[in-house]
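Peer 1: Give me a model of this one.
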Amino acid sequence: MKKVEIFDPAMCCSTGVCGPSVDPELTRVASAVFALEKKGFDVTRYNLTSEPDKFVEEKVNKILMSKGPDALPVVLVNGEVEKEGSYPTNEEFAMWFGVEEKELKGEKPRVRIKLNLSDMK
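Peer 2: Predicted coordinates for the structure are as follows:
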């Protein structure tokens, strides 16, 4: 079974929904990782802010020392560097784990929620 490790740059959270604006790329990756984990696949993300000890992994540390933090994210597949400086696409995730790309997209809400902001004072 494949093992994917994603070494994220320093950030407050990996979902992309914190801070002043939503980062759609982080949201896409978080959704794909969640879908893969639900299927029992081995995908792990490490955040430089909260888990700096993980970044001493030899290959990741070598990249950081030579290219700096702009090389993040770094993606290892079965311990080998597969990607630097950008997150895997859903197509790449699907290829690595042998799943359909459509299985990695977040599910749409089943119930619509309506908010009337004019009632809030």
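
Peer 1: Show me where the protein has its helices.
Peer 2: 24-38, 58-67, 90-97 (DSSP state H).

Peer 1: In TSV: those, plus mean neighbour count and mean pLDDT.
Peer 2: For glycine as for every other residue, the C-beta is placed from the backbone atoms N, C-alpha and C. As requested, those are arranged in TSV below (neighbours: other C-beta atoms under 10 Å; pLDDT from 0 to 100):
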stretch	mean neighbour count	mean pLDDT
helix 24-38	17	92
helix 58-67	14	95
helix 90-97	18	96
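
Peer 1: My guess is Pro69 contacts Pro9. True?
Peer 2: Yes - counting by C-beta atoms under 8 Å, Pro69 touches Pro9, with 5.9 Å between them.

Peer 1: Show me which of those two is the more surrounded one.
Peer 2: Shown here are Pro69 and Pro9; by other C-beta atoms under 10 Å, Pro9 has more neighbours (14 against 11).
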